[in-house]
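Asks: Need coordinates for the below:
(2 chains)
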Protein chains: 2
Amino acid sequence: MTKNRYWRLDKHPDGNEFESALSLQEEELQPLAEGEIRIRVDWLSMDAGTRMWMSPRTDGYQPPLPLGTKMIGLCLGRVCESRDPRFAEGDLVRGFGQWADFAVAVPDVAGLEKLDDGISDLRQHFGALGMNAWTAYVGVREIAAVRPGEWLAVSAAAGATGSLACQIGRNIGAKVVGIAGGPEKCRYLREDLGVDLAIDYRSEDVAARLAGVESGINAYFDNVGGPLLDALLPNMAHYGRVAVCGMVSNYDNDAPMPGPARFDQVLMRRLRIEGFFIPDFLERGAEFMPQLRAWMGEGRLVMRFEETAGLENVLEAYRGMLTGRNIGKAIVRL
Amino acid sequence: MTKNRYWRLDKHPDGNEFESALSLQEEELQPLAEGEIRIRVDWLSMDAGTRMWMSPRTDGYQPPLPLGTKMIGLCLGRVCESRDPRFAEGDLVRGFGQWADFAVAVPDVAGLEKLDDGISDLRQHFGALGMNAWTAYVGVREIAAVRPGEWLAVSAAAGATGSLACQIGRNIGAKVVGIAGGPEKCRYLREDLGVDLAIDYRSEDVAARLAGVESGINAYFDNVGGPLLDALLPNMAHYGRVAVCGMVSNYDNDAPMPGPARFDQVLMRRLRIEGFFIPDFLERGAEFMPQLRAWMGEGRLVMRFEETAGLENVLEAYRGMLTGRNIGKAIVRL
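Replies: Prediction:
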């Protein structure tokens, strides 16, 4: 019998320490039920939103994962067994599976998709063609409704979604402010992504730097919430838009964070703040792909990967992603 | 020479005590400059937003009024002298003038408009046909984008804008929750305005009552900000919209209030929060009027007035409006 290793959620994490909440387990592969697919996982995507599945909070955008079950995550790999006629052995697929050597998924529940096997770096299905890219695309173009010539600010700008949001902003003719932590990330933003202004929130006064943009910030792609949003709101242009993509700073709290200190600016500057959640847009992925693919082909939408090897090292990779240790996209190669 | 009495802003108010910041003065009428209009004021509109003109804060939606100048306010009256060829003596007009017997205005700066002199109660130009009505209309239909069958919640629901927002919600087929302070206002909401649910925030647990709306609240017309918004956010339906019309609870603070405690719900419920400011929509007034006029004619858009007599009593009327003492629209008849 083939063995399958997987990460099990044993308890809810306490604060920002999640490692002891998960344990690596081993099982015999079980037979599939009708409608299920088994995937040999090649890469796991490390996503901040996954953190919410570990939480007992029921008011998040995902229901909590029952304790004692396999940890859920976004997988890229090949079908090795299928009981759904739409998928055949060998198909390259991506969808929500488990942190495991072999993931089992019901395609329609998992958002499972067959992928283009012909691109040179298959990891781009977690990159310029992945969900981070859809998130960045929807956030920049639809929620923040960025127009050419406007100023777009992006937080966690050197991260997976942020780095794509910066590039998409540039690609549609906006001027981009990237906000990230540390000189290396800021250099990456300036030199590799070509942002107009990079702000290191660890060493610089973000509000003061933003105030230097005289016309104000027209759109803010917010990946983090918290104090950065407080710095942004009073520096927004009138009729500015804030696309709330993530509140990483909030995911490991049991209680919600306080709201933005400068919420009054919503009225004073007639701002629009809108939360969005990319699974709501999954079925529209095909619509975004031609543009993403074209930009990728022109070298105008690139993703840097931080690859960790081995399922046993998932927690370290996840820690790195959550604490902003990486530039670009954190993935685990199995 | 004709005398003109006016209220002068002598200093910035300290906290919620504004009375000592203003004094009633008298002057001789001065000759008009080219392009100016003189209005014999018949009624003054008491508006919460006016409070911001008294404040030294420069980050509001209006610049502070210089100390020693006449207090600004919305006036309804007749032109008694005109140096703008578009306006003639006797014209009924409405626009931003001063808290004075005679207001002087440059029509394009003041948003001055000639009004229909043929309606039976001219005060309706401060009511069902006034700026509160435009505010309610834009907020309900465009910003909150309320659709038939949805649940619309309105705060300060027995106030001038709120009572119109409730009625407009009902008129377009929404179910309406009116939130107000005290049994008399709640009775007004239920019996006179026909809301589906009236909540007395002084004696009831607003969040618990809202939780009784099983489908969640689809749209919230927010006149007050503060704790009520905290009660609303976790009770919004997914993809709910919050139209931020006012933050009365914030106007007399020198420092901004803390933001909504449940701001996390913006992401979790994919909410849209949008501030708006009716002067931005002034030029679209004509577009809203046929509908407002039709509803008024059918008795489906009514305004109750709380009228105070005498320019010398403006401060008391203003105090009443700010502290929510009135039902409907507070005006001063000169």
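
Asks: Doesn't A:V314 belong to a helix?
Replies: Yes: under DSSP: H, G, I helix; E, B strand; the rest coil, A:V314 falls within a helix.

Asks: Just to check, it is in contact with A:W99?
Replies: Yes: at 5.5 Å, A:V314 and A:W99 qualify as touching, with contact defined as Cβ atoms under 8 Å. All C-beta spots, glycine's among them, are computed from the backbone N, C-alpha and C.

Asks: Overlap in contacts, the two.
Replies: Residues touching both A:V314 and A:W99 (Cβ atoms under 8 Å, 6 or more residues apart in numbering or on different chains) are A:W7, A:L44.

Asks: between the two, which one's more packed in?
Replies: A:W99 (28 against 21; other Cβ atoms under 10 Å in any protein chain shown).

Asks: which residues does that one contact?
Replies: A:Y6, A:W7, A:L44, A:K70, A:M71, A:I72, A:G73, A:L311, A:V314.

Asks: What's the local residue count around A:Q98?
Replies: 23.

Asks: cool, A:G162 as well?
Replies: Neighbours around A:G162, by other Cβ under 10 Å: 29.

Asks: what's the pLDDT at A:L129?
Replies: pLDDT, A:L129: 96.

Asks: Which of the three states applies to it?
Replies: coil.

Asks: again, but for A:G77
Replies: Going by three-state DSSP: A:G77 is strand.

Asks: per-residue confidence for it?
Replies: 98.

Asks: which residues does it contact?
Replies: A:G77 is in contact with A:I39, A:R40, A:V41, A:D42, A:W43, A:L92, A:V93, A:G97, A:A103, A:L334, counting by Cβ under 8 Å, 6+ apart.

Asks: The fourth one is in contact with A:V332, isn't it?
Replies: No: the pair A:D42 and A:V332 does not pass the contact test of Cβ under 8 Å, sitting 9.8 Å apart.

Asks: Same drill for these two, tell me which one is more crowded.
Replies: When A:D42 and A:V332 are compared for neighbours, A:V332 comes out ahead with 26 against 16, by other Cβ under 10 Å.

Asks: Is that one bridged to anything, and to what?
Replies: Beta bridges link A:V332 to A:L44, A:T308, judged by DSSP bridges.

Asks: Could you check how far it is from chain B?
Replies: 26 Å (Cβ to the nearest Cβ, to the nearest Å).

Asks: Then A:A165?
Replies: Taking Cβ to the nearest Cβ, one finds A:A165 at 16 Å from chain B.

Asks: same question, A:A158
Replies: 21 Å.

Asks: okay, now the domains of chain A?
Replies: Per automatic domain parsing, the domain ranges recorded for chain A read A:3-127+A:303-333, A:131-279.

Asks: Highest mean neighbour count out of those?
Replies: domain A:131-279 (a mean of 22; mean count of other Cβ atoms under 10 Å in any protein chain shown).

Asks: just to revisit the earlier point, between the contacts of A:W99, which is nearest chain B?
Replies: Using Cβ to the nearest Cβ, A:I72 is the member of the contacts of A:W99 that lies nearest chain B, at 17.6 Å.

Asks: give me every residue that touches the closest one.
Replies: For A:I72, the contact set (Cβ under 8 Å, 6+ apart) comprises A:T50, A:W53, A:L65, A:F96, A:G97, A:Q98, A:W99.

Asks: cool, and A:L267?
Replies: Contacts of A:L267 (Cβ under 8 Å, 6+ apart): B:Y61, B:G225, B:V244, B:C245, B:G246, B:M247, B:G275, B:F277.

Asks: what subset of those is also close to chain A?
Replies: Among the contacts of A:L267, the ones lying near chain A by Cβ under 8 Å from any Cβ of the partner chain are B:Y61, B:G225, B:V244, B:C245, B:G246, B:M247, B:G275, B:F277.

Asks: Do I have it right that the last one meets A:R270?
Replies: It refers to B:F277. Yes: using Cβ under 8 Å, B:F277 is in contact with A:R270, at 5.4 Å.

Asks: low-scoring stretches of the stretch 1-150 of chain A, by residue?
Replies: A:1, A:59-61 (pLDDT under 70).

Asks: in it, which spans are helices?
Replies: A:107-110, A:131-137 (DSSP state H, counting those that start in this stretch).

Asks: nearest to chain B, of those helices?
Replies: helix A:131-137 (12.4 Å).

Asks: can whatever helix or strand comes next after that closest one be found next to chain B?
Replies: Once the chain leaves helix A:131-137, the next helix or strand it forms, by DSSP states H and E, is strand A:151-155. No: contact of strand A:151-155 with chain B (Cβ under 8 Å from any Cβ) is absent, the minimum separation being 13.6 Å.

Asks: quick one on the thing from earlier: just checking, which of the contacts of A:G77 belong to strands?
Replies: A:I39, A:R40, A:V41, A:D42, A:W43, A:L92, A:V93, A:G97, A:A103 (DSSP state E).

Asks: circling back to that earlier point, columns distance to chain B on top of the contacts of A:G77, output as a markdown table?
Replies: Formatted as a markdown table, the contacts of A:G77 follow (distance: Cβ to the nearest Cβ, whole Å):
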| residue | distance to chain B |
| --- | --- |
| A:I39 | 29 |
| A:R40 | 34 |
| A:V41 | 28 |
| A:D42 | 30 |
| A:W43 | 26 |
| A:L92 | 31 |
| A:V93 | 27 |
| A:G97 | 24 |
| A:A103 | 26 |
| A:L334 | 30 |
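
Asks: Out of those, which is nearest to A:L282?
Replies: A:V93 (13.8 Å; Cβ to Cβ).

Asks: Quick check: that closest one touching A:I37?
Replies: Yes: taking contacts as Cβ under 8 Å, A:V93 lies within contact range of A:I37: 7.4 Å.

Asks: Quickly list what's touching both of those two.
Replies: Common neighbours of A:V93 and A:I37 (criterion: Cβ under 8 Å, 6+ apart): A:V79, A:F87, A:L112.

Asks: Which residues of chain A lie near chain B?
Replies: So chain A meets chain B at A:59-61, A:225, A:234, A:244-247, A:250, A:256-277, A:280 (Cβ under 8 Å from any Cβ).

Asks: Pairing partners for the closest residue to A:D47 other than its chain neighbours in the sheet, please.
Replies: Nearest residue to A:D47 in three dimensions, chain neighbours excluded: A:L74, at 6.1 Å (Cβ to Cβ, 6 or more residues apart in numbering or on different chains). Bridge pairing for A:L74 (DSSP bridges) gives the partners A:S45, A:F96.

Asks: ditto for A:A105
Replies: A:I37.

Asks: got the contact list for it?
Replies: A:E36, A:I37, A:I39, A:C75, A:G95, A:F96, A:G97, A:L112.
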